[in-house]
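Asks: below are the sequence and a predicted model for it; my questions follow.
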Amino acid sequence: MTESGRPNSVTLRFLAAPTDVGHSGSVDAGTVLEWVDKAAYAAAVGWAKSYCVTAYVGNIHFADPVNSGDMVEVEATIVYTGRSSMHIHTVVSSGDPKGGPATMRSQCMVIFVAVGADGKPIPVQQFEPATPAEIEQRDHALARIKVREQIVEAMNRQEYTDAGTAERVTLRFMAAPTDVNWGGKVHGGIVMKWIDEAAYVCASRYCGRDTVAVFSGGVRFYRPLLIGHVVEVEARLVYTGTKGMHIAVHVRSGDPKGRELNLTTYCLTVMVARDDEGNSVPVPAWVPVSEEDKRLHAHARELLEIRGTAPGNRLPNHLLAAAGPAGSAASRSGSEGP
């Protein structure tokens, strides 16, 4: 609780249910991202005292999996505020409900924006860090703003057309009433779950194995997605490391009575292939063919290098290294990026 009397932190606690288990045999990354978004939303609304929308989800590395029956804790803490934005540090932990310490599974920064009845941003009360830990977290968030801006700029420069030859998957469906959030729009966490599902299909088709997400980066929300709209989630392979398949995912939506679909969300997800024992294994190297392939391949590499400049952010080598026999083993790091 801050001096203003407003809580700047929310912790959700619950049991991971059997219905949370996905194709990986444990809780999928998309479900974890949905939990993160819900906790961050609760923290944002409690601070802003108004409806809030997801604007950005920073890089999240998925460490050890969350299993069915685990006691899950998702802590969301406001660490910095702009004029209308709230930067929220989230940590997902889980453990045995019968006792013992919870283990951190993943962490990331989420940015929410407070909006008024007209959907336009409104000012929020400024958060003033008071303790050394709060000051450190505030500085941590500030140090990543420039890196985040570079990532968004690089993402916005790219075009994806039919000239690409890489593995590509498109899922199409209607946004259902069960996807609604408290503002009548599709919940940002639901969108991230769709992203994970599309990336899984694309990566699994490419390598012919079961795959699991180890990283999602720079989830940028451009506009709200409405219930009843047609949704198109396109996932395309753009780069391979020694074990990681880098999948660019675009989410588009629009009125089913029309023909135009607008971009709502974009991100880059890294998937790894697994053998029957659940161990990560090398994947075939993808060789760019067309000019668009080569441009997007370079773009994926550029994003990795930008993220590598963030203070304290050391990317696992299997994300950076080109696929080949000299690559190192995949890491399941829980480090945080922009």
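Replies: That came in fine, so what should we check first?

Asks: mind checking how far Glu153 is from Val147?
Replies: Glu153 sits 11 Å away from Val147, taking Cβ to Cβ, to the nearest Å as the criterion. In short, each C-beta sits where N, CA and C put it, glycine included.

Asks: of the two, which one has the most company?
Replies: Val147 (21 against 10; other Cβ atoms under 10 Å).

Asks: that one reaches Arg307, doesn't it?
Replies: Yes. The criterion here is Cβ atoms under 8 Å, and Val147 meets it with Arg307 at 7.0 Å.

Asks: which residues does the residue nearest to Val57 when sequence neighbours are not counted contact?
Replies: In space, Val57 comes closest to Val219 once its chain neighbours are excluded; the distance is 3.8 Å by Cβ to Cβ, 6 or more residues apart in numbering. Going by Cβ atoms under 8 Å, 6 or more residues apart in numbering, Val219 touches 33, 56-57, 192, 195, 265-267.

Asks: what's the farthest-apart pair in the residues you listed?
Replies: In these, the most distant members under the criterion Cβ to Cβ are Leu33 and Tyr266, with 14.6 Å between them.

Asks: how close does Thr165 sit to Leu171?
Replies: Counting by Cβ to Cβ, the gap from Thr165 to Leu171 is 20 Å.

Asks: actually Ala114, sorry about that
Replies: Taking Cβ to Cβ, one finds Ala114 at 31 Å from Leu171.

Asks: those two: who's more crowded?
Replies: Comparing Ala114 with Leu171 by other Cβ under 10 Å, the one with more neighbours is Ala114, at 23 against 15.

Asks: so the more buried one bridges to which residues?
Replies: Cys52 (DSSP bridges).

Asks: got a pLDDT number for it?
Replies: Per-residue confidence (pLDDT) for Ala114: 96.

Asks: give me the low-pLDDT residue ranges for this structure?
Replies: By pLDDT under 70, the weakly predicted segments of the chain are 1-5, 310-338.

Asks: pop the domain breakdown of it in here.
Replies: Here the domain assignment for the chain is 9-127, 156-320, based on automatic domain parsing.

Asks: what about burial for the contacts of Val219, which qualify?
Replies: 33, 56-57, 192, 195, 265-267 (16 or more other Cβ atoms under 10 Å).

Asks: please flag which of these sit within strands.
Replies: 56-57, 265-267 (DSSP state E).

Asks: element containing the residue nearest to Val57?
Replies: strand 210-221 (DSSP states H and E).

Asks: other residues contacting stretch 14-28?
Replies: Stretch 14-28 is contacted from outside by 30-31, 65-72, 94, 97, 193, 196, 200, 210, 212-213, 274, 278, using Cβ under 8 Å, 6+ apart.

Asks: apply 6 Å and report the result again.
Replies: Counting contacts by Cβ atoms under 6 Å, 6 or more residues apart in numbering, the residues outside stretch 14-28 that touch it are 31, 65-68, 70, 72, 196, 212.

Asks: what are the buried residues along that stretch?
Replies: For stretch 14-28, by 16+ other Cβ under 10 Å, it's 16, 20-22, 24, 26-28.

Asks: identify the farthest-apart pair in those.
Replies: Taking every pair in the buried residues of stretch 14-28 and measuring Cβ to Cβ, the maximum separation is 12.9 Å, between Ala16 and Ser24.

Asks: how about the helices in the stretch 101-250 of the chain?
Replies: Using DSSP state H, counting those that start in this stretch, the helices of the stretch 101-250 of the chain run over 132-143, 145-156, 188-207.

Asks: deepest-packed of those helices, please.
Replies: Of these, the one with the most neighbours on average (mean count of other Cβ atoms under 10 Å) is helix 188-207, at a mean of 24.

Asks: distance of Pro177 from His187?
Replies: Pro177 sits 12 Å away from His187, going by Cβ to Cβ.

Asks: between the two, which is the more surrounded one?
Replies: Between Pro177 and His187, counted using other Cβ under 10 Å, the more crowded position is His187 (19 against 8).

Asks: residue contacts, the more buried one?
Replies: His187 makes contact with Asn181, according to Cβ under 6 Å, 6+ apart.

Asks: how much space separates it from Val113?
Replies: For His187, the distance to Val113 - Cβ to Cβ - is 15 Å.

Asks: how about Arg157?
Replies: For Arg157 relative to Val113 (Cβ to Cβ), the value is 23 Å.

Asks: who has more neighbours, the two?
Replies: Using other Cβ under 10 Å as the criterion, Arg157 and Val113 rank with Val113 on top: 22 against 10.

Asks: residue contacts, that one?
Replies: Listed by Cβ under 6 Å, 6+ apart, the contact partners of Val113 are 53, 55, 84-85, 121.

Asks: repeat that for Glu302.
Replies: Contacts for Glu302 were tallied using Cβ under 6 Å, 6+ apart; they are Ala154.

Asks: measure it to Ile151 for me?
Replies: 9 Å.

Asks: over to Gly30?
Replies: Taking Cβ to Cβ, one finds Gly30 at 21 Å from Ile151.

Asks: again with Arg223
Replies: According to Cβ to Cβ, Arg223 stands 19 Å off from Ile151.
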